[in-house]
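*Asks:* I would like the atomic coordinates for the input below:
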Amino acid sequence: MLRVGDRASYTKTITAEDIRAYAELTGDKNPLHLDENYARNTRFGRVIAHGMLTASLISAVIGTKLPGPGAIYLEQRLRFTKPVYPGDTVTAEVEVVEFREEKGVVRLRTDCLNQRGERVIEGEAVLLLR
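*Replies:* Model (predicted):
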């Protein structure tokens with residue numbers, strides 16, 4: 001049974017290969033994610049990972065750890081606070097903030113932090129449990 005305060009996390013190093021594969025899979029071939037020459041002239045100074053690639057680590061936690069298999073997204077709010085660069089190690093963290101057992105609905109805090117402990121995504125999810 002879920003309890004308020006329950007937590008889980010998943011950590012992954014984002015590689016240039018991950019970024020290229022995500023671009024191929026989704027069709028999002030924005031040069032900011034793929035072209036070093038283009039990205040060098042942006043505020044980021046080099047290529048960055050797609051925000052939704054990084055956010056997908058949250059889905060990995062939700063679908064495999066907390067609440068786990070069978071959970072279905074009803075809602076996800078995201079705020080992208082810092083860029084993620086190839087080579088960054090990102091930890092997605094989820095925490096139960098509300099559980100309505102009678103309705104089978106859980107609300108989670110959903111954050112991603114880089115290897116320096118800087119928050120790169122902050123958010124909240126609402127899920128329907130099986």
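*Asks:* now the closest residue to residue 45 other than its chain neighbours: phi and psi?
*Replies:* In this structure, residue 45 finds its nearest non-sequential neighbour in residue 39, 7.2 Å apart by Cβ to Cβ, 6 or more residues apart in numbering. All C-beta atoms are positioned from the backbone trio N, CA, C, and that covers glycine. Summarising the backbone geometry of residue 39 under the convention degrees, to the nearest 10, its torsions are phi -60, psi -30.
*Asks:* what strand or helix carries residue 123?
*Replies:* Taking DSSP states H and E as the criterion, residue 123 maps to strand 119-128.
*Asks:* now the phi/psi pair for the residue nearest to the spatial centre of the chain, please.
*Replies:* Nearest to the geometric centre of the chain sits residue 55, at 2.1 Å (Cα atoms, centre = their mean). Summarising the backbone geometry of residue 55 under the convention degrees, to the nearest 10, its torsions are phi -60, psi -30.
*Asks:* neighbouring contacts of the strand of greatest length in the chain?
*Replies:* Scanning the chain for the strand with the most residues, using DSSP state E, yields strand 89-100. The set of residues external to strand 89-100 that reach it, using Cβ atoms under 8 Å, 6 or more residues apart in numbering, is 2-14, 54, 57-58, 60-62, 65-66, 84, 105-115, 120, 124-125.
*Asks:* how far away from the center of its chain is it?
*Replies:* Distance, stretch centre to chain centre, for strand 89-100: 10 Å (Cα atoms, centre = their mean, to the nearest Å).
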